[in-house]
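Student: with the sequence up front, the predicted model follows.
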Amino acid sequence: MAYVIIDTCTKDLLCADICPTDCVHPKKDEPGFEEAKQLFVDPVGCIDCGACVPVCKSDSIYALDDLAEGFKQFIDINAKYYAN
């Protein structure tokens, strides 16, 4: 079970700063940060530690099992960011 970021993300990078596996991107110094509407969790790199959840001030990070039906598309949206 990985975590997923949804579109209420404010890109404050608190989750990226706390992530022990560096699997939340893009960061400010990376290409595409300004254009990205949200941050994304790498489903392969995520170790399911949950450290990102309590620091997210916009309540935009969910475990796959806790993702409401109306937000299931964000599973693919997060994964597609890393597909390149």
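Tutor: Yes, it's here.
Student: residue contacts, the residue lying closest to residue 47 once chain neighbours are set aside?
Tutor: Spatial nearest neighbour of residue 47, excluding adjacent residues (C-beta to C-beta, 6 or more residues apart in numbering): residue 21 at 5.4 Å. C-beta coordinates here come from the backbone N, C-alpha and C atoms, glycine included. By C-beta atoms under 8 Å, 6 or more residues apart in numbering, the contact set of residue 21 is 45, 46, 47, 49.
Student: neighbours around the third one, how many?
Tutor: What it means is residue 47. A count of nearby residues for residue 47, using other C-beta atoms under 10 Å, gives 12.
Student: do the same with the first one
Tutor: When neighbours are counted by other C-beta under 10 Å, residue 45 registers 14.
Student: how far away is it from residue 69?
Tutor: Between residue 45 and residue 69 the computed distance is 26 Å (C-beta to C-beta, to the nearest Å).
Student: repeat that for the second one.
Tutor: If you measure residue 46 against residue 69 using C-beta to C-beta, the figure is 21 Å.
Student: these two: which is more packed in?
Tutor: Each of residue 46 and residue 69 has its neighbours counted (other C-beta under 10 Å); residue 46 has more, 21 against 5.
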